[in-house]
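1. Sharing a model prediction with you, sequence too.
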Amino acid sequence: GSKHYSVCGGDDVLVEIDARTMKVSRRLPLSNGNSTCAPTWAEPDGTGSRIFVACNKSSEVLMIDASTWSIARRIPMGDGVYRLALTHDGKLLIGTNQRGQSVSIVDLATGRETARLPVKRAGPSGIAVSPDDRYAFVAVTGAASEQGLVQVIDLAALEAVAAIDVGRKAGGIAFWKMEPGPANR
C-alpha cells in the first residue's frame, strides 16, 4: 500500500501518511465543537476508498471517504468502541466495545448493527477476521489477575462459538496464513 493511516487521540485527528515520501499528506479533524471522538483505531477497507475510525468517547465509527477526505457516515456502536476489523468482502464491520464489554457487528450496506455479543471477560481489545470471512477472533485482556482469552465469533450465525484461555493481558491478534485443507480446496 501507498498510504498509512493513524489516529491521534489527544488531537481528535486522522492522519494520512504517504508511504513513498514518508510525510504526512493529509490531516482530518474528527470532532466538531460539540463532540469529542477520542479515536483509538483506523481501519481502511480493501479498496482504499474508505477509512473507518473508532471514536471511543462518542461510541461511534466514522466512515471517511478517502477521495473527498470527509466524514461520509456516522455508525453507532457499543459503549467505548475500541478496535475495528472488516471482513475481506467489505460487507461487515466488527468493533470491540471496551466499556460495553461486547463486540458489535455492523452490516455496512445498511449501516445498522446486526448483533452485539457480550464477551466472557473484561477488556475486549484486538480483532482478526479469518481469511474466509467465517470467523472473528477477539482478544480479551481480562481484568487484574484474570486470564485473557480469545473469543471466537461465527459471523454467519452471529454468535460466540468458542472461548480459549491464552494468558494474562491478551491484546494483539492476527492471522498469518490459512493452510489449504479439505474444506478450503
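-> All right, it came through fine.

2. most residues in a single strand of the protein, which one?
-> strand 159-167 (DSSP state E).

3. Contacts for that one next, please.
-> 115, 117, 120, 135, 139, 147-154 (CB atoms under 8 Å, 6 or more residues apart in numbering). Just so you know, the C-beta spots here come from the backbone N, C-alpha and C atoms, and that holds for glycine as well.

4. partners of that strand, with directions?
-> Applying DSSP bridges to the sheet, strand 159-167 is found paired with strand 148-154 (antiparallel).

5. The protein: helices as residue ranges?
-> Under the criterion DSSP state H, helices are not mapped anywhere in the chain.

6. Low-confidence bits of it, can you list those?
-> Low-confidence segments of the chain (pLDDT under 70): 33-34, 178-185.

7. tell me the centre residue of it?
-> Of all residues in the chain, the one closest to the mean position by CA atoms, centre = their mean is Leu84, 0.2 Å from it.

8. which residues does the residue nearest to that residue when sequence neighbours are not counted bridge with?
-> Once flanking residues are discounted, Leu84 sits nearest to Glu43: 4.2 Å by CB to CB, 6 or more residues apart in numbering. Here Glu43 shows beta-bridge partners Phe52, assigned using DSSP bridges.

9. so what's Glu43 up against?
-> Applying CB under 8 Å, 6+ apart, the residues near Glu43 are Ile51, Phe52, Val53, Ala54, Leu84, Ala85, Leu86, Leu93.

10. Looking at these, which is nearest Gly78?
-> The closest of those to Gly78 turns out to be Ala54 (CB to CB; 10.7 Å).
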